[in-house]
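[1] Return a 3D structure for these sequence lines:
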Amino acid sequence: MHRARYSIAARLSLMLIAVFYLVLAGIGTHFYAILDNEFTAQTRAELGERAAFTLRALAGLRSARDLAVYGEEFEALVVGHHRVLLAVLDGEGQVLHRSAKFAESDPMLFERIRERAVAGLEGEFEHRGEEDFLGRTMKTRIGGADVPVWVAIAHDLRDRRAILPSHGQAMLISLSIGAVVAALGALWIVRAGLAPLAQIAAAAERISGSRLDQRIRIGEAPPELGRLADAFNAMLDRLADSFRRLSDFSSDLAHELRTPINSLLGHAQVALSRPRSAEEYRSAIESIVEDGERLARIVRDLLFLARADNAMEALRKERFDLRAEVDRVAAYFGILADERDIRLATEGQAEVTADRAMIQRAIGNLLSNALRHTPRGGTIQAKIRSGGGGEVFLEVSNPGPGIAAEHLPRIFDRFYLVERARGDPESGTGLGLAIVKSIAELHGGSVEASSTPGGLTTIRLKLGSSMSERETRHA
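    Alright, predicted model coming up:
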């Protein structure tokens with residue numbers, strides 16, 4: 001089951017509206033509580049004043065009879081407020097005086113006052129019924145009488161009932177209007193804030209395989225979106241470079257394969273053009289085999305590079321002596337070097353943890369490349385040294401014509417040949433140093449070249465950090 005998907009603008013708008021509504025609701029509830037407390041505080045203060053005045057007035061009477069005779073005048077003098085009710089009871093709960101308005105109010109209020117007088121309860125109380133009251137019961141004496149009486153004063157809370165609901169209603173209306181305004185404002189803010197994303201999407205839609213020169217420009221964008229645009233443009237730069245390299249690679253591959261295929265077909269066609277002797281057929285077949293081996297070598301190298309590019313080439317790492325491997329590969333090339341009167345010299349010592357077969361291949365490619373460009377009587381020097389950070393370096397130097405500065409940055413590109421750039425059609429495949437570079441990168445290292453025209457050319461292979469002493473002891 002697919003979940004409904006909402007746009008970022010819709011989600012952010014809803015979240016902003018929810019936050020805005022909750023904030024307004026919290027503020028409204030807070031002020032509602034403050035208003036309620038303010039009403040209660042005012043009522044309590046007025047109730048306290050009336051209670052103190054009543055107690056002083058009762059103390060000035062001679063007896064309870066004065067209360068019965070001058071009850072109305074007493075109440076008008078003491079209470080003086082149409083929302084305040086007064087009652088005076090004896091200890092048995094018998095009424096000595098009470099406000100006429102008690103009959104108009106909630107009957108349960110007076111019964112509660114009577115119960116508190118009988119029970120001897122003093123203090124403030126709140127009554128909620130048909131009407132809400134805040135009341136207080138007190139024990140005192142009339143004049144010099146020894147028998148105590150109970151005084152009850154109750155203040156109705158109709159102001160709170162009238163004002164607070166209207167305030168709550170006004171708050172709800174304000175919240176509703178605020179929610180609508182917040183919805184419109186949030187939608188506008190989010191759309192304006194996400195406008196650079198729309199620009200990025202529009203720019204991305206213009207990009208295709210034939211239009212990789214397009215870039216995202218979003219002007220005064222926020223830093224977060226600016227970083228996104230920069231990352232996207234950097235990705236496009238890499239894609240454009242990959243497309244260019246792929247195009248160059250396809251062109252170079254076609255060129256490299258065309259020569260041995262044409263040669264192979266040429267030898268076969270010449271051999272079949274007319275009857276020939278067994279010796280001529282043998283020579284033609286040998287030429288075909290050479291061209292086939294060249295094709296097979298190119299295919300093997302390309303397969304290795306493709307697997308290395310996609311991290312499919314599994315490394316079988318082990319600890320071994322790099323000097324021994326260099327000597328072993330140098331001995332393999334010894335016969336060819338002797339034929340050309342070239343000396344192979346090795347110096348230095350280091351142990352590495354790497355894939356032995358790959359390192360042998362890299363060494364072989366470096367020595368083969370050096371042999372191809374070293375003049376007769378020259379010396380190829382292979383130096384091994386360790387770096388301060390645990391790296392291991394293998395430098396292969398050879399005399400010769402050297403490499404011009406404009407060619408040095410590209411000698412590790414696939415199918416790039418300095419000889420071809422000079423017009424030499426009999427050069428190699430141009431994959432040897434590219435394979436050395438891939439092997440170095442698979443081992444966390446790198447490869448670089450330096451050359452002096454007419455002097456020494458040095459290819460420097462750097463392998464990643466070597467094992468620690470503890471690892472060496474347990475290897």
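
[2] drop to CA atoms for contacts and neighbour counts, all remaining ones
    Noted.

[3] Can you name the residues bridging to Lys462?
    Taking DSSP bridges, one obtains Phe393, Ser446 as the residues bridged to Lys462.

[4] Quick check: it touching Glu391?
    Yes - contact criterion C-alpha atoms under 8 Å: Lys462 and Glu391 qualify, at 6.7 Å.

[5] The two: which is more packed in?
    Lys462 (23 against 18; other C-alpha atoms under 10 Å).

[6] Distance of that one relative to Val436?
    From Lys462 over to Val436 the distance is 11 Å, taken as C-alpha to C-alpha, to the nearest Å.

[7] list residues touching both of these two?
    Between them, Lys462 and Val436 share these contacting residues under C-alpha atoms under 8 Å, 6 or more residues apart in numbering: Val447.

[8] how deep is Ala231 tucked in, by neighbour count?
    Ala231, neighbours per other C-alpha under 10 Å, totals 12.

[9] so what does the helix or strand hosting it touch, helix or strand wise?
    In the assignment (DSSP states H and E), Ala231 maps to helix 223-272. Judged by 3 or more C-alpha pairs under 8 Å, 6 or more residues apart in numbering; DSSP states H and E, helix 223-272 is in contact with helix 195-206, helix 278-309.

[10] 7 Å instead?
    helix 278-309 (3 or more C-alpha pairs under 7 Å, 6 or more residues apart in numbering; DSSP states H and E).

[11] And the average pLDDT for the helix it packs on is what?
    Mean pLDDT, computed over helix 278-309, is 78.

[12] same question, stretch 431-450
    87.

[13] what does stretch 393-406 give?
    Computed over stretch 393-406, the average pLDDT equals 90.

[14] And the contacts of that stretch?
    Contact partners of stretch 393-406, identified using C-alpha atoms under 7 Å, 6 or more residues apart in numbering, comprise 366, 370, 373-375, 378-386, 451-463.

[15] Could you give me the buried positions within the one helix or strand Thr137 maps to?
    Assigned by DSSP H and E, Thr137 falls within strand 132-140. Neighbour-count burial for strand 132-140 flags Asp132, Phe133, Leu134, Gly135, Arg136, Thr137, Met138, Lys139, Thr140 (criterion: 16 or more other C-alpha atoms under 10 Å).

[16] want to throw the residues you listed into JSON lines with pLDDT and distance to Asn398?
    Formatted as JSON lines, those follow (pLDDT from 0 to 100; distance: C-alpha to C-alpha, whole Å):
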{"residue": "Asp132", "pLDDT": "80", "distance to Asn398": "108"}
{"residue": "Phe133", "pLDDT": "85", "distance to Asn398": "109"}
{"residue": "Leu134", "pLDDT": "86", "distance to Asn398": "108"}
{"residue": "Gly135", "pLDDT": "88", "distance to Asn398": "111"}
{"residue": "Arg136", "pLDDT": "88", "distance to Asn398": "112"}
{"residue": "Thr137", "pLDDT": "89", "distance to Asn398": "115"}
{"residue": "Met138", "pLDDT": "89", "distance to Asn398": "116"}
{"residue": "Lys139", "pLDDT": "87", "distance to Asn398": "119"}
{"residue": "Thr140", "pLDDT": "85", "distance to Asn398": "122"}
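
[17] Val190: which of those residues is nearest?
    Here the nearest of the buried residues of strand 132-140 to Val190, counting by C-alpha to C-alpha, is Asp132; it sits at 48.6 Å.

[18] In the sheet, which residues pair with Asp355? Tell me.
    Lys317.

[19] what about it, neighbour count?
    18.

[20] didn't it look like it was pressed against Leu315?
    Yes - using C-alpha atoms under 7 Å, Asp355 is in contact with Leu315, at 5.6 Å.

[21] What's the local residue count around Met358?
    20.

[22] element containing it, please.
    Met358 belongs to helix 356-373, assigned by DSSP H and E.

[23] Parallel or antiparallel, list what pairs with the strand holding Thr137.
    strand 123-128 (antiparallel), strand 149-156 (antiparallel).

[24] Flag every buried residue along stretch 175-188.
    Leu175, Gly178, Ala179, Ala182, Ala183, Ala186, Leu187.

[25] Which of those residues fall in helices?
    Leu175, Gly178, Ala179, Ala182, Ala183, Ala186, Leu187 (DSSP state H).

[26] How about residues contacting stretch 88-104?
    Contacts for stretch 88-104 (C-alpha under 7 Å, 6+ apart): 68, 71, 85-87, 114, 117-118, 148-152.

[27] and that stretch, average pLDDT?
    78.

[28] of the contacts of stretch 393-406, buried ones?
    Buried members of those, scored by 16+ other C-alpha under 10 Å, are 366, 370, 374-375, 378-386, 451, 456-463.

[29] and those residues, which of them are in strands?
    379-386, 451, 456-463 (DSSP state E).

[30] one step back: for the strands paired with strand 132-140, please prepare TSV with the additional fields mean pLDDT, mean neighbour count and distance to Gly226.
    What follows is those, written out as TSV (pLDDT from 0 to 100; neighbours: other C-alpha atoms under 10 Å; distance: least, C-alpha to C-alpha, whole Å):
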stretch	mean pLDDT	mean neighbour count	distance to Gly226
strand 123-128	85	14	63
strand 149-156	85	24	65
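
[31] can you redo these as a markdown table with distance to Ala337?
    Formatted as a markdown table, the strands paired with strand 132-140 follow (distance: least, C-alpha to C-alpha, whole Å):
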| stretch | distance to Ala337 |
| --- | --- |
| strand 123-128 | 114 |
| strand 149-156 | 118 |
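
[32] so who does the nearest residue to Ser263 once chain neighbours are set aside touch?
    The shortest distance from Ser263 to any non-neighbouring residue, by C-alpha to C-alpha, 6 or more residues apart in numbering, is to Asp291 (6.9 Å). By C-alpha under 7 Å, 6+ apart, the contact set of Asp291 is Pro260, Ser263, Leu264.

[33] Could you check how far Asp291 is from Phe304?
    Asp291 is 20 Å from Phe304, by C-alpha to C-alpha.

[34] And for Val270?
    From Val270 to Phe304 the distance is 34 Å (C-alpha to C-alpha).

[35] Compare those two (neighbour count), which wins?
    Neighbour count, other C-alpha under 10 Å: between Val270 and Phe304, Phe304 has more, with 16 against 12.

[36] if I pick that one, what's in contact with it?
    Phe304 neighbours (C-alpha under 7 Å, 6+ apart): none.

[37] closest to Gly193 among the buried residues of strand 132-140?
    Checking the buried residues of strand 132-140 one by one against Gly193 (C-alpha to C-alpha), the nearest turns out to be Asp132, at 52.5 Å.
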